[in-house]
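> Give me a model of this one.
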Amino acid sequence: PRGTMAFSGKYEFEADENYDAFVQKIGLPSDKVDMGRNCKIVTEVVQNGNDFTWTQHFPGGRTTTNTFTVGKEADMETMGGKKFKATVKMEDGKLVADFPNYRHTSEICGGKLVEISTSSGVVYKRTSKKIA
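Below you'll find the model as predicted:
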């Protein structure tokens, strides 16, 4: 059934579109911009019903983990390291979260993790292939 998409797995960065325009729009510091460009981020998702643990492993050992339950407010962290509160929703099989200055959606499409972030009309798309 829709809305119970299996997100669980480990995904490795494969491609992105519009990275530079997007990070400029959200005001990411330049050191973080260079670090994130073509960064082989590994995203690990553990899904247990509506409960998610979403971990991003960056080269060099840095990790960011967001734990949330669909429909409930949770403490989250942006890719720039800012802390904020958000309620992640499930819409048509996609996870949707409103970050402080962009909207983020995640879905599994053809076995790949497709993440789209939109800020003031700039759309950043990141695709990761399943590795585990």
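> which residues of the chain fall in strands?
Along the chain, the segments classed as strands by DSSP state E run 9-17, 42-48, 51-57, 63-69, 73-77, 83-87, 89-91, 94-98, 103-109, 112-119, 122-130.
> which one of those lies closest to Asp31?
When the strands of the chain are compared for distance to Asp31 using CB to CB, the nearest one is strand 63-69, at 15.9 Å. For glycine as for every other residue, the C-beta is placed from the backbone atoms N, C-alpha and C.
> about what we covered before: TSV please, covering the strands of the chain and showing mean pLDDT and distance to Lys25.
Below are these laid out as TSV (pLDDT from 0 to 100; distance: least, CB to CB, whole Å):
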stretch	mean pLDDT	distance to Lys25
strand 9-17	95	14
strand 42-48	95	22
strand 51-57	95	20
strand 63-69	94	20
strand 73-77	93	19
strand 83-87	93	17
strand 89-91	95	23
strand 94-98	94	15
strand 103-109	95	12
strand 112-119	96	5
strand 122-130	96	5
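> so who does the closest residue to Val122 other than its chain neighbours touch?
Leaving out its chain neighbours, the residue that sits closest to Val122 by CB to CB, 6 or more residues apart in numbering is Lys25, at 4.6 Å. Contacts of Lys25 were listed using CB atoms under 8 Å, 6 or more residues apart in numbering, and they are Tyr102, Ser119, Ser120, Val122.
> any idea how far Lys25 is from Thr43?
Separation of Lys25 from Thr43 (CB to CB, to the nearest Å) stands at 22 Å.
> Can you say which of the contacts of Lys25 are buried?
The neighbour count (16 or more other CB atoms under 10 Å) marks Tyr102, Ser119, Val122 as buried among the contacts of Lys25.
> shouldn't the second one be in contact with Pro100?
No. The criterion here is CB atoms under 8 Å, and Ser119 misses it with Pro100 at 10.0 Å.
> Many thanks, I have nothing further to ask.
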